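> this is a predicted model, with the sequence first.
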Amino acid sequence: MIESYIPIFIMIVGAMGFAVVMGKMNEFVGPKRPSEEKLSTYESGMEPVRSARERFSVKFYMVAMLFIVFDIEVVFLYPWAVSYKLLGTPGFITMFVFIAVLLVGYFYVWRKGALEWD
Amino acid sequence: MGFQISDIANNAPLFTLVATGLVVILLESAKSGKPNVSFIVSLAGFILSGLLAVGGLKTEDVSFGGMLMNGSYSNFFAIVFCLTGSLTILISKSYLERFGQFRSEFYILVLFAAMGMVLMASANDLIIIFLGIELMSVSLYVLAGFFRTQDRSNESALKYFLLGAFATGFLLYGIALVYGSAGSTNFSVIHNQAPALMKNQPLPDSVVQAGLPDSVVQAGLPDSVVQAGLPDSVVQAGDSGLPAGQAGLAGTIFLLGLGLVIVGLAFKVAAAPFHMWAPDVYDGAPTPATGFMATAAKAAAFGAFVSIAFKMIGSTSGTISNLLAVIAAASMILGNVIAISQSNIKRMLAYSSIAHAGYMLSGIAAANVEGQAGVMYYVAAYACMTLGAFAIVSILERDDAANLSIDGYAGLSAKHPVIAAALALFMFSLAGIPPLAGFFGKYYVFLAAVKADMTWLAIVGVLTSLISAYYYLRVVVVMYFKEGEAAVEGRIGMSTVVAIAVCAYLVVQLGVYP
């Protein structure tokens, strides 16, 4: 029983060893000419540690909310598409109603201007 | 798992509300800023839905594969929700206009909340209860914060949202535990297993071996359910698969789950010790929304509570009854005693609503037929009188919210005798003075408690309602016997007058012809 896991164990040890050896070799062999830019976590990215008390524009929240709504629609659409034949006409009607309800919401959001960035 | 035409016909009130809600959204999107149209359409939707519910009072049926149970019970509650919903809409018009917040979204939210309430009352499955509670609560969170420029309104919405989300967590965890022990979320299936689970006995063979679906169906589901033909999927869910040796553990888990479900629902009805949110939320929310929350939302939570207590648990359990009796007594004492010291009328009504939740809970704790009928009657009576009181508060409220103190009502009877008389009527009814609706509500509920050998609970109820008479009548005294200059701000909207008249009529009508 437990013996059958030995190859996996060897694999784990091998992978860890490889990672450690490569990392350490880099440290010993590679040339080192540090500068302030180079020492930052992401050389040309954003600063990783800042004050958490920062204000975001409310526009981001709007986009996030709308994303969740329509993302969930897709989450429901996939299983329906997979088992479409099984569900048949009742499934089709149910899904149609579901999408129609979401469409009403979409129409509302659109007309209220939530989709416009400025 | 298909659905039939009868499913839609049975739930006509629900679907009317859904359709109205969608139509109002479309109207608002197509022609923004025409709230008058939304007002009329929503009102028509509520009235149509209420009439359909009246028509559906006679048929008893299950629909959507045993998920919903339609009949006199669910339709009675649907009528209450449609009534409170339409009255809320009537009250809100002039109030929102006065505060410059007359927008269609208010009506959309009221419609969607009512939808969730109808779902809760007709639920025959814990999942539907959860769904209904969420639909209702999310709409109410937004309604509480509808005056988004007011700090008080925002505070109320945030408090309600955070605490409500927490309570929903309790409810959901309770549902998970009940499902884990009973093997189903369907009321009828759990009802069959509840007696065995409560006594920590091994589950009856018919349930344990319910690989054969018929044995569960015949084991004692109500006839109407059997005739309606539960689909196999629901019936097979009765197969809890727990071996008899683990039944003791399952019983403990079942009780734990029920306890958590009761915590979640007690939060929604604002019963002590889960009432802390109510005064702040009721105080900060726009007054028509407060009225809607205090009446319809409470009625809906009681609709779910009664379903769970009677359809799911059944009247077999002393443990649950005692638990509910303690919650009821605590709510009555706490609500009534703290209400005495309130000077703000909205907070006073909030504490009074906690006390009334206690009265209604004592009917559920009694766990007999009289208790169920008493709670249903009480819900209707309470909705009329409280909504009427909030309607009058909404007329008198000013921009700076200074006029919410009870002392500000001094001299109202001299200037506006009709309004003062109506408010006095609601206060008398809330205090439980005989020929009015509030008296008979209390009478039925306490009678049920006495019949269930819970005389102590009835005594607590009567004593605390004596206390409550003090602060209700104080409002009347202030209005009639104190000099002052209470004044109505601006013109009183026609629709509000209609709403108050309907409430007053119903308070008398329900009382005189119970």
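Structure's in. What do you need? Residues are numbered from 1 along each chain as shown, chains lettered A, B, ... in the order given.
> any idea how far B:Asn124 is from B:Ile433?
With the distance defined as C-beta to C-beta, to the nearest Å, B:Asn124 ends up 38 Å from B:Ile433. Backbone N, C-alpha and C define where each C-beta goes, glycine included.
> pLDDT at the closest residue in space to B:Lys268 that isn't next to it in sequence, what is it?
Leaving aside its chain neighbours, B:Lys268 sits nearest to B:Ala301 (3.8 Å; criterion: C-beta to C-beta, 6 or more residues apart in numbering or on different chains). With respect to pLDDT, B:Ala301 scores 91.
> where does the prediction get shaky in the chain?
By default, I'm working from chain A. Chain A contains residues with pLDDT under 70 at A:1, A:43, A:118.
> look at chain B instead
For chain B, residues meeting the criterion pLDDT under 70 lie at B:1-3, B:32-33, B:199-248, B:315-317, B:398-403, B:484-492, B:512-514.
> same thing but at 50, please
Applying pLDDT under 50 to chain B flags residues B:1, B:202-245.
> middle-most residue in it, spatially?
Taking C-alpha atoms, centre = their mean, the centroid of chain B lies closest to B:Ala299, which sits 1.9 Å from it.
> can you tell me how far it is from chain A?
B:Ala299 sits 26 Å away from chain A, going by C-beta to the nearest C-beta, to the nearest Å.
> could you find the closest non-adjacent residue to B:Ala329?
Computed as C-beta to C-beta, 6+ apart, the closest residue to B:Ala329 that is not its neighbour in sequence is B:Val460, at 4.8 Å.
> cool, and B:Leu324?
Closest residue to B:Leu324 in three dimensions, ignoring its sequence neighbours and counting by C-beta to C-beta, 6+ apart: B:Ala365, at 3.8 Å.
> what is the neighbour count of that neighbour?
Close neighbours of B:Ala365, defined as other C-beta atoms under 10 Å in any protein chain shown, add up to 26.
> B:Asp453 is in contact with that one, correct?
No. Look at B:Ala365 against B:Asp453 with C-beta atoms under 8 Å: they stay out of range, at 11.2 Å.
> ok so, going back, host element of the residue nearest to B:Ala329?
Following DSSP states H and E, the helix or strand that holds B:Val460 is helix B:455-481.
> mind giving me the packing neighbours of that helix?
Secondary-structure packing of helix B:455-481 (3 or more C-beta pairs under 8 Å, 6 or more residues apart in numbering or on different chains; DSSP states H and E): helix B:318-340, helix B:345-366, helix B:412-415, helix B:417-431, helix B:437-451.
> among these, which comes closest to A:Lys38?
Put simply, out of these the one that sits nearest A:Lys38 is helix B:345-366, at 61.9 Å, with distance taken as C-beta to C-beta.
> up against chain A, what does the stretch 251-400 of chain B have?
Of all the residues in the stretch 251-400 of chain B, not one is in contact range of chain A (C-beta under 8 Å from any C-beta of the partner chain).
> just to revisit the earlier point, surely the residue nearest to B:Lys268 meets B:Val269?
Yes. Using C-beta under 8 Å, B:Ala301 is in contact with B:Val269, at 4.3 Å.
> not counting sequence-adjacent ones, nearest residue to residue 95?
No chain was given, so I picked chain A. In space, A:Met95 comes closest to A:Trp80 once its chain neighbours are excluded; the distance is 5.3 Å by C-beta to C-beta, 6+ apart.
> please refer instead to chain B.
Once flanking residues are discounted, B:Tyr95 sits nearest to B:Ser394: 4.6 Å by C-beta to C-beta, 6+ apart.
> wait, is that neighbour part of a strand?
No. Looking at B:Ser394 with DSSP: H, G, I helix; E, B strand; the rest coil, it is helix, so not inside a strand.
> got a list of what it touches?
B:Ser394 sits next to B:91-92, B:95, B:287-288, B:291, B:496 when contact means C-beta atoms under 8 Å, 6 or more residues apart in numbering or on different chains.
> among the helices and strands packed on helix B:455-481, which is the most enclosed?
Counting by mean count of other C-beta atoms under 10 Å in any protein chain shown, helix B:345-366 has the highest mean neighbour count of those, with a mean of 28.
> what is it packed up against?
Helices and strands touching helix B:345-366, by 3+ C-beta pairs under 8 Å, 6+ apart, are helix B:277-284, helix B:298-306, helix B:318-340, helix B:369-396, helix B:437-451, helix B:455-481.
> in JSON lines, list these along with distance to B:Leu27.
As requested, the helices and strands packed on helix B:345-366 are arranged in JSON lines below (distance: least, C-beta to C-beta, whole Å):
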{"stretch": "helix B:277-284", "distance to B:Leu27": "29"}
{"stretch": "helix B:298-306", "distance to B:Leu27": "26"}
{"stretch": "helix B:318-340", "distance to B:Leu27": "41"}
{"stretch": "helix B:369-396", "distance to B:Leu27": "25"}
{"stretch": "helix B:437-451", "distance to B:Leu27": "36"}
{"stretch": "helix B:455-481", "distance to B:Leu27": "40"}
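> quick one: which of those helices is nearest A:Gly91?
Each of the helices and strands packed on helix B:345-366 was scored for nearness to A:Gly91 using C-beta to C-beta, and the closest is helix B:298-306 (29.1 Å).
> what angle do that closest one and helix B:318-340 make?
Regarding helix B:298-306 and helix B:318-340, their directions subtend 160 degrees when assessed with axes from the mean of the first three to the mean of the last three C-alpha atoms, to 10 degrees.
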